[in-house]
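Student: Give the three-dimensional model of this entry:
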Amino acid sequence: MKIMTIILAAGKGTRMRSELPKVLHQIANRPLLQHVYDTAKQLENNTVKIVVGHGAELVTEALKGLDAEWVEQKQQLGTGHAVQQVSDLHSTSSGQTGIEDSDTVLILYGDVPLLKLATVKLLISNVDDQSLALLTVNLANPAGYGRIVRNPAGQVAKIVEEKDATVSEKQINEVNTGIMAVQGKQLKKWLSRLNNSNVQGEYYLTDVIEMAVADRINVVTSQPETEDEVLGVNNRIQLSHLERVYQQEQANCLMEQGVTLKDPARFDQRGTIESLGQDIEIDINVILEGKNSIGSNVKIGANTQIKNSIIGDHVEILANCVIEDAVIGQGSRIGPYARLRPDSVLGQDVHIGNFVEIKKSSVAAGSKINHLSYIGDTTVGSKVNIGAGTITCNYDGVNKFRTVIEDGAFIGSDSQLIAPVTIGKNATIGAGSTITKDSPENQLTLSRAKQVSLAGWQRPVKKES
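Tutor: The predicted structure is shown next:
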C-alpha cells in the first residue's frame, strides 16, 4: 500500500493571540506540527505533504529539516480547498506530484498533536475500493462539533455541523474529528465536486462524506482510545491541557519501566531517554530535555534540569542542579545547586558540590570540587581536591586558554589559576593564591601580599550632621 499523508497546517490560530503560527506552538519543546509529522513518518511507504498558509515562511523555516513536501494554500478557503492544493499539483523539477489514483490518502491536522500510531493504522486498514475510513469520537459535551448522523441500519449517512443541526441531532454524542483515509481516485473525484455554497464561503472536506454515501461508498468509522488523542489546539488553555496529558503519558511510561516518580504530576520529559537502568528515583519538578541516558540506582533531586546528558550508575544528583551536554561517571555526587555546562565529563566517584560550575572540562576519578568554584576549559586529574572559591581564569577577553591540574593536586580555597597554566602532580596551592606560572610537582606554591597590622589605627566614625 502506498500512502500519502496530507497534514493541514495553514490556519492562523487567532484564538492563540500570538504572532507565531499555531502549529509552531509547542508541547514538550516540540512544535505541534512536529508531533503530527513524527507519527505520520512511522508509517511505511509513506509520502508526507504539509499544506501551509498563514505564516508559511516561518513554518517551513522552523521545520526545514522535515522529510516532507511543502504545499502553500495562498488563500485559506477551507479544509477542502487545502486538500485541493495537493490534488492540483503537477510534476515539477523537484518531482513533486499531486494525489495519484492508487494512493491511500490520510488526512491529518497540524494542531492535533497526540494522535497515536495505532489509531492511524486502524483507520488506514479500513480503506479499500468501496470504503472510506473516518475517525470519530464520542464526547460527553459535543457542542461545536459536527455530528455523525447514521441511518436506521447504523451506517453513516452524513455529517451535520452544529449550526445546521436539529434539536434531536444536537443530542448525538458521536462527532467528526476530520481525520480520514480514502483512496486517491475517489478523493480526487469528490474534491472536484466541492462547492462553497455556505455561510462561510469555504470548501469543506467533510462534504466528501455525503458524496461518498451518495456514491454508495461505505463510510467505516473507528475511534481512538481516548478523546485527548483527537483534541486540537485552538487556545492556550487547550495547549496547556494537552501538555499535561502528554507529560502524564511520559510519566506513566517511565513508572511502568520501574522508575519511581515522587509526584508524576510534577515531572516533565521533553525529549527521549536513550537507555534506562533500574531503581531510578526522581523527585519533584525534574525536567529531562533532549536525549538522555540514565544508569541504574540513580537519584535525581528536586527542581533539577538535565539535557542531552549521560548519567552513570549509582549517581546522586541533589536538588536544584542544571546539567547540559555532560557525562557523569559512576558513583558521582552532584549538587545541590551545581551547574554542569556543555562538554563537562566527570569520571567515577567525582564530587561536585554547592554552587560549583563546570564548563568544557574533564574531571578524573575521585576528585572533589565541593564549594563555590568555577572550573572552565580545564583538565582535572584524579584525586584532586579543589577548595572553595577557586576560579580557573580561562578567558583574556579575546581568547580562551586551558588549565591542567594533575593527579593528586590540592588547590587551596580562594585561588585563581590564570590559564594557560599547569599544576603539577601532588602539588599544593596555598589558599588565596593567584597562580600565573606552572607549579612544580610535590611542592607548595603560593602567592600572597605581605600581611600588615597597623598599631593605633582608628576605625572611622560617622560624622554628626
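
Student: where does the stretch 1-150 of the chain dip in pLDDT?
Tutor: 90-95 (pLDDT under 70).

Student: at 80 what do you get?
Tutor: By pLDDT under 80, the weakly predicted segments of the stretch 1-150 of the chain are 90-96.

Student: Give me the neighbour count for Glu19.
Tutor: 7 (other C-beta atoms under 10 Å). The C-beta positions use only the backbone N, C-alpha and C, and glycine is treated the same way.

Student: cool, and Ala133?
Tutor: Neighbours around Ala133, by other C-beta under 10 Å: 23.

Student: List the residues that contact it.
Tutor: Leu123, Ile124, Ser125, Asn126, Val127, Met180, Ala181, Val182, Val220, Thr221, Ser222 (C-beta atoms under 8 Å, 6 or more residues apart in numbering).

Student: Residues in a beta bridge with it, which ones?
Tutor: Counting by DSSP bridges, Ala133 forms beta bridges with Ala181, Val220.

Student: quick one: buried residues of the longest helix seen in the chain?
Tutor: Assignment by DSSP state H gives helix 236-256 as the longest helix of the chain. For helix 236-256, burial by neighbour count (16 or more other C-beta atoms under 10 Å) applies to Leu239, Leu242, Glu243, Val245, Tyr246, Gln247, Glu249, Gln250, Ala251, Leu254.

Student: before we move on, what about stretch 41-57?
Tutor: Buried-residue list, stretch 41-57, by 16+ other C-beta under 10 Å: Leu43, Asn46, Thr47, Val48, Lys49, Ile50, Val51, Val52, Gly53, His54, Gly55, Ala56.

Student: is it true that Asn45 touches Ile3?
Tutor: Yes. Between Asn45 and Ile3 there is a contact under C-beta atoms under 8 Å: 6.0 Å.

Student: Helices - which of the buried residues of stretch 41-57 land there?
Tutor: Using DSSP H, the buried residues of stretch 41-57 in helices are Ala56.

Student: Domain-wise, how is this structure divided?
Tutor: Per automatic domain parsing, the structural domains of the chain span 3-230, 236-445.

Student: Figure out the length between the terminal residues of the shortest one.
Tutor: It stands for domain 236-445. Criterion C-alpha to C-alpha, to the nearest Å; first-to-last residue distance in domain 236-445 is 60 Å.

Student: mean confidence for it?
Tutor: Average pLDDT, domain 236-445: 97.

Student: outside of the longest helix of the chain, which residues touch it?
Tutor: 16-17, 25, 27-28, 113-114, 228, 231-233, 261, 264-265, 267-269, 273, 276, 282.

Student: Please repeat the previous calculation with a cut-off of 7 Å.
Tutor: 16, 25, 27-28, 113-114, 228, 231, 233, 261, 264, 267-269 (C-beta atoms under 7 Å, 6 or more residues apart in numbering).

Student: Ok, stretch 325-334 next?
Tutor: Contacts of stretch 325-334 (C-beta under 7 Å, 6+ apart): 307-318, 321, 340, 342-352.

Student: Output that stretch as CSV - backbone C-alpha positions only.
Tutor: C-alpha atoms of stretch 325-334 as CSV (Å, rounded to 0.1, in the frame of the first residue of the first chain):
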residue,chain,number,x,y,z
ASP,A,325,25.5,18.1,27.4
ALA,A,326,27.5,16.4,30.2
VAL,A,327,28.7,13.0,31.2
ILE,A,328,28.6,11.9,34.8
GLY,A,329,30.6,8.9,35.8
GLN,A,330,29.5,6.0,38.0
GLY,A,331,29.2,6.8,41.7
SER,A,332,29.5,10.5,41.4
ARG,A,333,27.6,13.0,43.5
ILE,A,334,26.4,16.4,42.2
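
Student: and it, how far from the chain's centre?
Tutor: Mean-position distance between stretch 325-334 and its chain equals 23 Å (C-alpha atoms, centre = their mean, to the nearest Å).

Student: where do the helices sit along the chain?
Tutor: 32-40, 56-62, 79-87, 117-125, 184-192, 207-214, 236-256.
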